[in-house]
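[1] What follows is a predicted structure for the sequence shown.
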Amino acid sequence: MNKETFINYIENNHLLGNDSIVNLTELVDEYPYCSSAHVLLSMNLLKEDHFRFDAELKRTAVYAGDRSVLRKHIEQLR
């Protein structure tokens with residue numbers, strides 16, 4: 001994933017879909033300490049009602065610097 005695509009996902013989370021799950025998973029695997037990538041992946045999994053959402057949300061909570069920000073983003077989608 002290139003920088004422009006990542007920034008585009010951050011600015012326009014309505015672009016998240018099934019194809020972005022693969023991209024974000026690869027990004028999280030490559031940069032495991034990037035909390036923004038974890039948050040985007042969790043949001044994407046929730047949006048797509050993916051079976052990995054619960055496990056990824058727990059992992060994202062560990063990496064999140066501020067869990068209230070994570071909660072705000074997740075509640076936005078629910």
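    Received the coordinates, thanks.
[2] drop to CA atoms for contacts and neighbour counts, all remaining ones
    Fine.
[3] Under the pLDDT cut-off, which ranges of this protein? List them.
    Along the chain, the model assigns pLDDT under 70 to no residue.
[4] Helices along that one, start to end?
    All helices of the chain, identified by DSSP state H, fall at 3-11, 18-30, 35-47, 53-63, 67-77.
[5] Pull the number of nearby residues for R59.
    Residue neighbour count, defined by other Cα atoms under 10 Å, stands at 14 for R59.
[6] list the contacts for the closest residue to it other than its chain neighbours?
    In space, and not counting its chain neighbours, R59 is closest to H38: 8.0 Å by Cα to Cα, 6 or more residues apart in numbering. Going by Cα atoms under 8 Å, 6 or more residues apart in numbering, H38 touches L24, V28, P32, E56, R59, T60, Y63.
[7] okay but the first one is in contact with L41, surely?
    Yes. Between L24 and L41 there is a contact at 5.7 Å, judged by Cα atoms under 8 Å.
[8] more neighbours, the two?
    With neighbours defined as other Cα under 10 Å, L24 and L41 compare such that L41 has more, 25 against 22.
[9] how close does I74 get to S35?
    14 Å (Cα to Cα, to the nearest Å).
[10] do L77 as well
    Using Cα to Cα, we find L77 at a distance of 18 Å from S35.
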